[in-house]
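Enquirer: Structure here, sequence nowhere to be found:
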């Protein structure tokens, strides 16, 4: 199978909202008057962002999900995406699975595949996603205010936990492992929550490199400091049953620095606490208050007795591991 | 140097037209009312799209140029782009050169870097470019009319010629080789010509896989056939001095099936011949008439005596070589 047959068979569907979709030099898209375009690119490399054991259907899902997670963190509504794919060889069963997983998630929003590129090379998946947001409504990393509550959506630590089990560093009950593995291989982007947080959250980011590291980006952009509690790691909706089975210190590592969570980390005024919970309920995802924004700079993590801890929680850096 | 320092040092500049540029989960861009967005992604892999001998500054140029060439082929005005980069390691002199070449071309249009991704992995460069075009003005592959003249901009064959010299399959005088090598490593996207062809060209594509192969995409999309002449390969602006030094048959191979040309191949009514030449003059690039659109299907190439040739000219396919 050649390059053009491959594109036709697995990645070409009739254009829906696109004026011109896959198959010309450029895709054409009619922007809504007055809206701002939100754009993000993520590149996934085998061995860094996924293991070669991942089912291709889940990988198709994940490749788009991590991009939709960036739109969610900006409070943008998904519109369209491009897919650039380097493949070592044409493997039709892989392409079938990958495209199924990709389109299943794309159709859910909907977010239309409008173009891209296919080439021979070490496996590499690069998606660029576009969304829209009314001017002034986007959620940014900057904007966190002193006194804001800090929230995390869903649960954290599960993806890293699955990775450690797969590396043989930990063991889990089969059903706990399967749940964590699904969180790692098939994360659900929090798009509905991102939209519901417009006008409520003062700052927002998605957690991909680890909670503490990504919170650091918010603090830096907003020029504020933060105090994180840890009682929520003891017992809250943010800690899954699999995570509950770990000793507390290990659980804290996974929750604060695990990475690959694709949850929304955001801040909001305490006055908005009820509205935040309502937004979460409407979006079908839990949110847990995990700390507070303070003045100054830096991040303190309090132990269960409320005493500042001295240890650092390193976040993921692609060139430091 | 870590991932975030790398992005800050080499790829972060103050936002110009972007509402939010590099450094948040998404870039934000205010679309012009009523305009259509043109979007294209190209992925460049070492050994497929460039050799490891290419100076990084030229590679930075080329990575953006091949994307701008897609905007040119659509008659779209460049606006912004994202860059996703997988690097085997942090090589500061490489990053310095690459970013210099990239930004030099970006500033020429201007086309603003608004976001992207950086990760560790086999060298891979994926750029997604965005441009704008008034509704109905975009140049498409479909739209070629029976009787249209077929044109090629600039010159063809040079990039392939340079590749064959580097592979030791041919030799050239030093200055001819240098000129061809520059065409291969630092192609100039025909953006001004693409804009000038709005309302003049009936169909357009950029030549990346080879003239005959890319013309095939136009014929298929437009449901027409074509006859190509070859006297222009004997002597015209489309054949460079380096190409002139080759035997005619070899020259024909390079011109018709070489690839990596990044010239515009377009069709226009013979009534528009003067206007096409004027558009070319204003854009500072030559255009050469190389054939005519006919009814039916398929492509005939005529020899210098006007007799149809039987041989095929294979175009580049990433999974067929």
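Expert: Alright, I've got the coordinates. All figures in this text were calculated on a predicted structure; none of them were measured in a lab.
Enquirer: Does residue A:62 touch residue A:187 like I think?
Expert: Yes. Under the criterion of CB atoms under 8 Å, residue A:62 makes contact with residue A:187 at 6.4 Å. Backbone N, C-alpha and C define where each C-beta goes, glycine included.
Enquirer: Identify, by residue count, the longest helix of chain A.
Expert: Criterion DSSP state H: the longest helix present in chain A is helix A:56-74.
Enquirer: That one - contacts with which helices or strands?
Expert: The elements that helix A:56-74 packs onto, with contact taken as 3 or more CB pairs under 8 Å, 6 or more residues apart in numbering or on different chains; DSSP states H and E, are strand A:36-45, strand A:77-87, helix A:92-108, strand A:124-133, helix A:174-185, helix A:191-196, strand A:203-207.
Enquirer: For the last one, name the packing helices and strands.
Expert: So that's strand A:203-207. Applying 3+ CB pairs under 8 Å, 6+ apart, we find strand A:203-207 packed against helix A:56-74, helix A:211-222, strand A:263-268.
Enquirer: same deal with the second one?
Expert: For strand A:77-87, the helices and strands in contact under the criterion 3+ CB pairs under 8 Å, 6+ apart are strand A:27-30, helix A:56-74, strand A:112-120, strand A:124-133, helix A:191-196, strand B:36-45, strand B:124-133.
Enquirer: The fifth one too?
Expert: Contacts defined by 3+ CB pairs under 8 Å, 6+ apart place helix A:174-185 against helix A:56-74, helix A:158-166, helix A:241-244.
Enquirer: winner for burial among those helices?
Expert: Of all these, helix A:56-74 has the most neighbours on average by mean count of other CB atoms under 10 Å in any protein chain shown, namely a mean of 26.
Enquirer: Point out where the stretch 201-321 of chain A drops to low pLDDT.
Expert: Filtered on pLDDT under 70, the stretch 201-321 of chain A yields the residue ranges A:313-321.
Enquirer: ok, 90 please
Expert: By pLDDT under 90, the low-scoring segments of the stretch 201-321 of chain A are A:297, A:309-321.
Enquirer: Do I have it right that residue A:12 meets residue A:23?
Expert: Yes. Using CB under 8 Å, residue A:12 is in contact with residue A:23, at 6.3 Å.
Enquirer: Between the two, which has more neighbouring residues?
Expert: Set side by side, residue A:12 and residue A:23 show more neighbours around residue A:23, with 20 against 14, by other CB atoms under 10 Å in any protein chain shown.
Enquirer: Leaving aside the residues adjacent along the chain, what's closest to the spatially most central residue of chain A?
Expert: For chain A, the residue nearest the mean C-alpha position is residue A:262 (2.6 Å; CA atoms, centre = their mean). If the residues on either side of it in the chain are set aside, residue A:262 comes closest to residue A:187, at 4.0 Å by CB to CB, 6 or more residues apart in numbering or on different chains.
Enquirer: again, but for residue A:12
Expert: Per CB to CB, 6+ apart, closest to residue A:12 is residue A:22, 4.8 Å.
Enquirer: what sits against that neighbour?
Expert: By CB atoms under 8 Å, 6 or more residues apart in numbering or on different chains, residue A:22 lies in contact with A:7, A:11, A:12, A:13, A:15, A:113, A:114, A:115, A:116.
Enquirer: The closest residue to the last one other than its chain neighbours: how many residues sit nearby?
Expert: Residue nearest to residue A:116 in three dimensions, not counting chain neighbours: residue A:83, with 4.0 Å by CB to CB, 6+ apart. Other residues lying near residue A:83 total 28 when counted by other CB under 10 Å.
Enquirer: Can you tell me who residue A:83 pairs with across the strands?
Expert: Beta-bridge pairing of residue A:83 under DSSP bridges involves residue A:116, residue A:127.
Enquirer: Looks like it contacts residue A:102 (just checking).
Expert: Yes. Between residue A:83 and residue A:102 there is a contact under CB under 8 Å: 7.3 Å.
Enquirer: near chain B, which residues of the stretch 151-300 of chain A?
Expert: Proximity of the stretch 151-300 of chain A to chain B, by CB under 8 Å from any CB of the partner chain, involves residues A:204, A:205, A:206, A:221.
Enquirer: From residue B:57, how far off is the second one?
Expert: In this structure, residue A:205 and residue B:57 are separated by 34 Å, where distance is defined by CB to CB, to the nearest Å.
Enquirer: same check, this time on the third one
Expert: Remark: distance between residue A:206 and residue B:57 (CB to CB) = 34 Å.
Enquirer: repeat for residue A:78
Expert: 36 Å.
Enquirer: same question, residue A:112
Expert: Distance, residue A:112 to residue B:57, by CB to CB: 36 Å.
Enquirer: mind listing what's buried in stretch A:38-47?
Expert: Across stretch A:38-47, burial judged by 16 or more other CB atoms under 10 Å in any protein chain shown covers A:38, A:39, A:40, A:41, A:42, A:43, A:44, A:45, A:46.
Enquirer: circling back to that earlier point, lowest-confidence one in the contacts of residue A:22?
Expert: Within those, pLDDT reaches its minimum at residue A:7, with 83.
Enquirer: is it true that that one touches residue A:115?
Expert: No. Using CB under 8 Å, residue A:7 is not in contact with residue A:115; the gap is 9.9 Å.
Enquirer: For the two, indicate the residue with more neighbours.
Expert: residue A:115 (29 against 18).
Enquirer: Spit out the contact partners of the more buried one.
Expert: By CB under 8 Å, 6+ apart, the contact list for residue A:115 reads A:21, A:22, A:23, A:24, A:26, A:27, A:82, B:39, B:40, B:41.
Enquirer: go with 6 Å
Expert: Counting by CB atoms under 6 Å, 6 or more residues apart in numbering or on different chains, residue A:115 makes contact with A:22, A:27, A:82.
Enquirer: Leaving out sequence neighbours, find the closest residue to the second one.
Expert: Think residue A:27. residue A:114 (3.6 Å).
Enquirer: Can you report how many residues neighbour the one you found?
Expert: Residue A:114: 30 neighbours (other CB under 10 Å).
Enquirer: Does it touch residue A:18 like I think?
Expert: Yes. The criterion here is CB atoms under 6 Å, and residue A:114 meets it with residue A:18 at 4.8 Å.
Enquirer: Need the residues touching each of the two.
Expert: Joint contacts of residue A:114 and residue A:18 (CB under 6 Å, 6+ apart) are residue A:27.
Enquirer: Surely residue A:86 and residue B:45 touch.
Expert: Yes. Residue A:86 is within contact range of residue B:45, at 5.4 Å (criterion: CB under 6 Å).
Enquirer: Need the overlap of contacts for these two.
Expert: Counting by CB under 6 Å, 6+ apart, the residues touching both residue A:86 and residue B:45 are A:119, A:121.
Enquirer: picking that back up, got TSV for the contacts of residue A:22, with distance to residue A:235 too?
Expert: Below are these laid out as TSV (distance: CB to CB, whole Å):
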residue	distance to residue A:235
A:7	50
A:11	45
A:12	49
A:13	46
A:15	49
A:113	42
A:114	45
A:115	47
A:116	45
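Enquirer: tell me the domain ranges of chain A?
Expert: Residue ranges for the domains of chain A, per automatic domain parsing: A:3-133, A:149-301.
Enquirer: Quick check: beta-bridge partners of residue A:298?
Expert: Bridge pairing for residue A:298 (DSSP bridges) gives the partners residue A:225.
Enquirer: And it, how far from residue A:223?
Expert: 12 Å.
Enquirer: residues contacting residue A:1?
Expert: Residues in contact with residue A:1 (CB under 6 Å, 6+ apart) are residue A:90.
Enquirer: Same check on residue A:85?
Expert: Counted by CB under 6 Å, 6+ apart, residue A:85 has contacts A:118, A:125.
Enquirer: ok, the residue nearest to residue A:131 when sequence neighbours are not counted - how many residues close by?
Expert: Leaving out its chain neighbours, the residue that sits closest to residue A:131 by CB to CB, 6+ apart is residue A:76, at 3.4 Å. Neighbours of residue A:76 under the rule other CB under 10 Å: 32.
Enquirer: wait, isn't residue A:76 in contact with residue A:133?
Expert: Yes. The criterion here is CB under 6 Å, and residue A:76 meets it with residue A:133 at 4.3 Å.
Enquirer: Quick check: neighbours shared by these two?
Expert: With CB under 6 Å, 6+ apart, residue A:76 and residue A:133 have common neighbours residue A:38.
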